[in-house]
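A.B. asks: missing the sequence, but the structure's below:
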Ligand SMILES: O=C(O)C(=O)Cc1ccccc1
């Protein structure tokens, strides 16, 4: 089964996607990946959602909030960045904005004058480095190939740098079984204690939240939707009860159940 993810070849997303299937195809934006699954073009997609140093990939949060897809698995993988260039004489570092941010201290310390250029993926930055001797890329060291040198390895600001990816599928594959679940809530309301009520729906049933993230709804300033991950499957009574409360709180808005799923750790 083909799986669509962030390209070109050699991205961290590509590495995670290979755990789903070896037959990987690419898009150059997260919304392009989500659209490709939402439209039925592909049955599997892999998108980066969260990094242990840099936090959420907001493009992914916004794309999945607006799509009709299912989350069927999460993949957690360690990220170790290398600096790749034709020679040490570069003046620009091109990479995915998350990679640049994860290596911020290293770059400031070792290359304070280098220009940082965000590009669509780490592998795209490495391609620029391959074409242009003034550019270095940050990515997985396997991307060096024959024409690039690994200038430095393990340049992320913390040694434990991990990224969480979501495996997405057509909405019909949404499952109730799994150790954790993801929902998106748009209350379309704003009153004192609204967020507290949302949290209580889970706390009252002893359900642990593993993530809560607010994103602007795009409708008006100060209006938010909430991405919530909790450690229970939709099949559990306590989850059903919590969701009933959440539906009530969001009666003027909507609740999207993205799926219950399990976690897979992938090393490469
Ligand atoms: O650009 C990539 O390689 C990606 O897959 C996105 C990304 C960037 C930095 C860390 C993890 C994932």
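C.D. replies: Ah, there it is. All of these numbers come straight from a predicted model, not from anything done at the bench.

A.B. asks: Please list the residues of the stretch 1-150 of the chain that sit near the ligand.
C.D. replies: Within the stretch 1-150 of the chain, the residues that sit near the ligand (Cβ under 6 Å from any ligand atom) are 6, 11-13, 48, 51, 79, 96, 98-99, 121-123. Glycine gets a C-beta too; all of them are placed from N, C-alpha and C.

A.B. asks: out of those residues, which are inside strands?
C.D. replies: Using DSSP state E, the subset of those located in strands is 6, 48, 51.

A.B. asks: number of nearby residues for the nearest residue to the first one once chain neighbours are set aside?
C.D. replies: Okay, so that is residue 6. Nearest non-adjacent residue to residue 6, counting by Cβ to Cβ, 6 or more residues apart in numbering: residue 13, 4.0 Å away. Residue 13 has 30 neighbouring residues, counting by other Cβ atoms under 10 Å.

A.B. asks: so where is the stretch 101-250 of the chain shaky, pLDDT-wise?
C.D. replies: Judged against pLDDT under 70, the stretch 101-250 of the chain has no low-scoring part.

A.B. asks: hey, where'd the helices end up in it?
C.D. replies: 104-110, 122-131, 194-203, 237-249 (DSSP state H, counting those that start in this stretch).

A.B. asks: how about the second one: buried residues?
C.D. replies: Okay, so that is helix 122-131. Using 16 or more other Cβ atoms under 10 Å as the test for burial, helix 122-131 gives 122, 123, 124, 125, 126, 127, 128, 129, 130.

A.B. asks: So what touches it?
C.D. replies: Helix 122-131 has contacts (Cβ atoms under 8 Å, 6 or more residues apart in numbering) with 7-12, 14, 28, 81, 84-86, 90, 93-96, 99, 117, 119, 135-140, 143-145, 147-148.

A.B. asks: so how far is it off the chain centroid?
C.D. replies: 21 Å (Cα atoms, centre = their mean, to the nearest Å).

A.B. asks: cool, the shortest one as well?
C.D. replies: Shown here is helix 104-110, whose average C-alpha point lies 24 Å from the average C-alpha point of the whole chain (Cα atoms, centre = their mean).

A.B. asks: returning to what we had before: return the most buried member of the helices of the stretch 101-250 of the chain.
C.D. replies: Comparing these by mean neighbour count (mean count of other Cβ atoms under 10 Å), helix 122-131 comes out on top with a mean of 22.

A.B. asks: Identify, by residue count, the longest strand of this protein.
C.D. replies: In the chain, with assignment by DSSP E, the single longest strand is strand 254-265.

A.B. asks: Count the neighbours of the residue in the stretch 151-268 of the chain positioned nearest to the ligand for me.
C.D. replies: Nearest to the ligand, among the residues of the stretch 151-268 of the chain, is residue 163, at 4.2 Å (Cβ to the nearest ligand atom). Using other Cβ under 10 Å, residue 163 has 23 other residues around it.

A.B. asks: ok, it touching residue 50?
C.D. replies: Yes - Residue 163 lies in contact with residue 50 (Cβ atoms under 8 Å); the separation is 7.1 Å.
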